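Trainee: compute the structure for the input listed below.
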Amino acid sequence: ATSRVFQISNQKEVQVRVSLDTDEASRTSVETNDIDLQRLLSVPGVQRMMDYQFPNTNRGQTSEADPSTHTKTFYCLQVDCLALLDVFRICSLLPNHKVEQVYDFWN
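Mentor: Sure, this is the predicted structure:
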């Protein structure tokens, strides 16, 4: 029997932030990471809203930031609560994707 979450804070859908660790991802192919992301997005009730990266500020140093410095790509997903545990299960099986945060609101 599989567990399901019906609501969180009286919401039927939540926002989930999933990260792709590009430092770790460099050890695998871009195609593999795309396939892994599509596996996550193929879950009914999961929709990709946007993706983003934080700028590399080189920790405040004045020299040019090394583009190969460790960065993460974040995916903002709209997830039906019924699919939430599936997102956690799939991410636990994927080597470079990780659930970072679940927001109980969607605006």
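Trainee: alpha carbons only for contacts and neighbour counts from here, please
Mentor: Will do.
Trainee: pretty sure residue 104 is touching residue 12, no?
Mentor: No - counting by Cα atoms under 8 Å, residue 12 is not a contact partner of residue 104; they are 9.2 Å apart.
Trainee: in a helix, residue 89, correct?
Mentor: Yes - per DSSP: H, G, I helix; E, B strand; the rest coil, residue 89 lies within a helix segment.
Trainee: for the residue nearest the centre of the chain, grab phi and psi.
Mentor: Geometric centre of the chain, nearest residue: residue 18, 1.5 Å, by Cα atoms, centre = their mean. Here is the backbone geometry of residue 18 (degrees, to the nearest 10): phi -110, psi 140.
Trainee: now do it against residue 32, distance only.
Mentor: To residue 32, residue 18 is 16 Å away according to Cα to Cα, to the nearest Å.
Trainee: with residue 10 instead?
Mentor: Residue 10 is 36 Å from residue 32, by Cα to Cα.
Trainee: please consider this matter closed, and thank you.
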